[in-house]
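> model the structure of this input:
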Amino acid sequence: MASRRQPRLNTSTVPEIEETAMLEPLLAETVTTWGHAGDPIPAYLARPVGTGPFPGIVILHHMPGWDEGTWEIARRFAAHGYIAACPNLHHRDAPDAAPDDAAAAARANGGVPDDRFLGDCAGALRYVRAMPSSSGRVATIGYCSGGRQSFLAACELDPDAAVVCYGAFIVGTPPPGMPISVTPVIDLATGISCPILGLFGQEDSHPSPEQVAEIDAALTRLGKRHEFHTYSGAGHAFFASDRPSYRPDSATDGWRRIWEFLEPALDPATTRLPAAAG
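This is a model prediction of the structure:
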């Protein structure tokens, strides 16, 4: 089994728009958070240098695993002034394994169970909020399976905002032969009490444009604050700069929308609304 490599910055994948941005110096390391059933969970933590207070973000990695591309996203958030924590949601499936091996083990087990995920995500949220430099306001963001999990966290936990990047199976179920076992979570949306940003690809099939419209309609019916954007010419994983699915124009606009969405949502002066009764 291959050993897991240490994170390293791949500057070739950072869009040109970042070159002129005023970015924060940062520190990055692997820490231990405490997740479902009190289990110790490794998490990649990147944070700005300084006393803060800084807003926080919990990053939920894609099905391919807790990998270098995800760690790079954490460093990007830290450079923009966020405390970013990314727990390894596949840790129990294959401890200390390379991302591909751990992801394969997770798929063989049917994917990450929702209750286990919620415990691990809650632990990461607590960890970030407890840091001395934290403002106490923390969002979640997820990609692929992590997009569904970010939506689920908004339903069942207490993030101050949630970003969903092409999250599959918020509605609908996996087709026969797909090696994961998940159920739709849209019926839990009555518990949402934070704003949601959704970013999707027009050419994606999981979720399809029809499924995105179904989620949008359900949130609108429930009166949940949300904004969705769908990019033409983009499919699944268009943010993944190390994959053929990468679409620079869509990803660059997506990052712009993420910054514009999170700044007011994580402002300590923003009043958090209670969850509607549905």
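
> tell me where the model's unsure across the stretch 1-150 of the chain.
Within the stretch 1-150 of the chain, the segments meeting pLDDT under 70 span 1-22.

> show me where it has strands.
26-34, 40-48, 54-60, 83-87, 134-143 (DSSP state E, counting those that start in this stretch).

> export those to JSON lines and tack on distance to D187 and mean neighbour count?
Just so you know, the C-beta spots here come from the backbone N, C-alpha and C atoms, and that holds for glycine as well. What follows is the strands of the stretch 1-150 of the chain, written out as JSON lines (distance: least, C-beta to C-beta, whole Å; neighbours: other C-beta atoms under 10 Å):
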{"stretch": "strand 26-34", "distance to D187": "29", "mean neighbour count": "15"}
{"stretch": "strand 40-48", "distance to D187": "28", "mean neighbour count": "22"}
{"stretch": "strand 54-60", "distance to D187": "20", "mean neighbour count": "28"}
{"stretch": "strand 83-87", "distance to D187": "26", "mean neighbour count": "27"}
{"stretch": "strand 134-143", "distance to D187": "19", "mean neighbour count": "24"}
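
> among those strands, which is nearest D96?
Nearest of the strands of the stretch 1-150 of the chain to D96, taken as C-beta to C-beta: strand 40-48 at 8.7 Å.

> returning to that earlier point: okay, the strands of the stretch 1-150 of the chain in JSON lines with distance to G111 next?
As requested, the strands of the stretch 1-150 of the chain are exported to JSON lines (distance: least, C-beta to C-beta, whole Å):
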{"stretch": "strand 26-34", "distance to G111": "21"}
{"stretch": "strand 40-48", "distance to G111": "17"}
{"stretch": "strand 54-60", "distance to G111": "13"}
{"stretch": "strand 83-87", "distance to G111": "16"}
{"stretch": "strand 134-143", "distance to G111": "14"}
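
> nearest to R116, of those?
strand 40-48 (10.1 Å).

> partners of that closest one, with directions?
Partner strands and pairing direction for strand 40-48 (DSSP bridges) are strand 26-34 (antiparallel), strand 83-87 (antiparallel).

> wait, which of the ones you listed is closest to K224?
strand 83-87 (25.1 Å).

> check the offset of that closest one from the chain's centre.
10 Å (C-alpha atoms, centre = their mean, to the nearest Å).

> for the residue sitting nearest the centre point of the chain, name its beta-bridge partners.
Nearest to the mean C-alpha position of the chain, counting by C-alpha atoms, centre = their mean, stands G142 at 2.0 Å. Beta-bridge partners of G142, counted by DSSP bridges, are L60, V164.
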